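J.: What follows is a predicted structure for the sequence shown.
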Amino acid sequence: MITLAIDSATRSAAVALLDDGVPLLEILINLDRHHGETLLPAVDTLYRTADRSPAETGLIALTTGPGSFTGLRIGASVVKGLAMAWGVPVVGVSTLAALALNGGPGERLVCPMLDARKEEVYAALFRLEDGGEVLEIEPGRVTPLEGFLRKLKGEILFIGDGAVRYESRIRSFFGGKAVFPAPSGHLVRASSVGLLGLKKFHGNDILNILTFVPHYLRLSEAEKRKAVESAEGSSHEQ
């Protein structure tokens, strides 16, 4: 089965085609351009270069969060459009779990970390097993950096743009036990999204194309304002 995998959760974006879990072709876009400009052309290039037809696609997998509110919305919109046009199911994958796959199996724990701004990060903790199993040790959350770091022990691999931004502060906590990958290791791989998505598909964890929304882990500024206005309106009515 051909799987189209898409990530648009961070400043970079990526698309990939997999055949029964084997990556065929992957495009990573790490340009300072709007995902709305790059995703669909990248998908088109993917199929043309791989000499495949969208009609062969049996599944679409995408990152559903956490990450950039705008990027996640664009990815969801693109995937909904393609899924409805092609008549294929969709599965959602955690951005943090996909990032964790960059670490590879071993005893060392992997901490994917995305910059959530306001001195906060989206973070989780995983152990990668042989065979591609991703075991969640600490669930994904939005949290102050130091508050999350205090929960961690031992040698840890830190991955993601949050790890890049706060590398010096992380090293001050862990010294030589804090490990960081090469620059390319901080970017989400669409092939990882596809691999995790295929497992979800086989577990029948399929999204409703019409109603699914990204998992932001916190409210957007517009949603916060709406909540405040609603609360103020309720208090005035009392």
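T.: Ah, there it is. Residues are numbered from 1 along each chain as shown.
J.: got a list of what V22 touches?
T.: Applying C-beta atoms under 8 Å, 6 or more residues apart in numbering to V22 gives no contacts. All C-beta atoms are positioned from the backbone trio N, CA, C, and that covers glycine.
J.: now S172: how far from R150?
T.: S172 sits 13 Å away from R150, going by C-beta to C-beta, to the nearest Å.
J.: And for H186?
T.: On the measure of C-beta to C-beta, H186 and R150 end up 23 Å apart.
J.: Also C111?
T.: In terms of C-beta to C-beta, C111 sits 13 Å off from R150.
J.: So for the two, which residue has more residues nearby?
T.: Taking neighbours as other C-beta atoms under 10 Å, C111 and R150 compare with C111 leading, 28 against 10.
J.: Quick one: distance of stretch 114-127 to the chain centre.
T.: A distance of 12 Å separates the centroid of the chain from that of stretch 114-127, by C-alpha atoms, centre = their mean, to the nearest Å.
J.: pLDDT averaged over it, what's the number?
T.: If you average the pLDDT over stretch 114-127, you get 95.
J.: quick one, what contacts the residue nearest the centre of the chain?
T.: What sits nearest the mean C-alpha location of the chain, by C-alpha atoms, centre = their mean, is T95, with 1.8 Å. Taking C-beta under 8 Å, 6+ apart as the contact definition, T95 lies against 7, 9-10, 63-67, 112, 114, 122, 188.
J.: Could you find the closest non-adjacent residue to I6?
T.: L62 (4.6 Å; C-beta to C-beta, 6 or more residues apart in numbering).
J.: So which residues of the chain form strands?
T.: With DSSP state E as the criterion, the chain has strands at 2-7, 13-19, 22-29, 57-65, 90-94, 109-117, 120-128, 134-144, 156-159, 178-179.
J.: Single out the most deeply packed of the ones you listed.
T.: Sort these by mean neighbour count, taking mean count of other C-beta atoms under 10 Å, and strand 2-7 sits at the top with a mean of 28.
J.: and the angle for that strand with strand 57-65?
T.: Strand 2-7 runs at 20 degrees relative to strand 57-65, counting by axes from the mean of the first three to the mean of the last three C-alpha atoms, to 10 degrees.
J.: ok, strand 2-7: who's next to it in the sheet?
T.: In the sheet, strand 2-7 lines up against strand 13-19 (antiparallel), strand 57-65 (parallel) (DSSP bridges).
J.: Taking their axis directions, the shortest one and strand 22-29 sit at what angle?
T.: Right, strand 13-19. Compare the direction of strand 13-19 with that of strand 22-29 by the same axes, to 10 degrees and you get 170 degrees.
J.: List of residues touching strand 13-19?
T.: 1-7, 23-29, 35, 38-39, 42-43, 46-47, 50, 52, 71, 75, 187-191, 193-195, 198.
J.: what about that strand, average pLDDT?
T.: For strand 13-19, mean pLDDT is 98.
J.: chain center to it, what's the gap?
T.: 13 Å.
J.: Pull out the C-alpha coordinates of it and format them as PDB.
T.: C-alpha atoms of strand 13-19 as PDB (Å, rounded to 0.1, in the frame of the first residue of the first chain):
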ATOM      1  CA  ALA A  13       7.900  20.900   6.000                       C
ATOM      2  CA  ALA A  14       8.300  17.400   4.500                       C
ATOM      3  CA  VAL A  15       6.500  15.000   2.300                       C
ATOM      4  CA  ALA A  16       7.200  11.400   1.600                       C
ATOM      5  CA  LEU A  17       5.900   8.300  -0.200                       C
ATOM      6  CA  LEU A  18       6.200   4.900   1.300                       C
ATOM      7  CA  ASP A  19       5.300   1.500  -0.100                       C
END
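J.: Thank you, goodbye.
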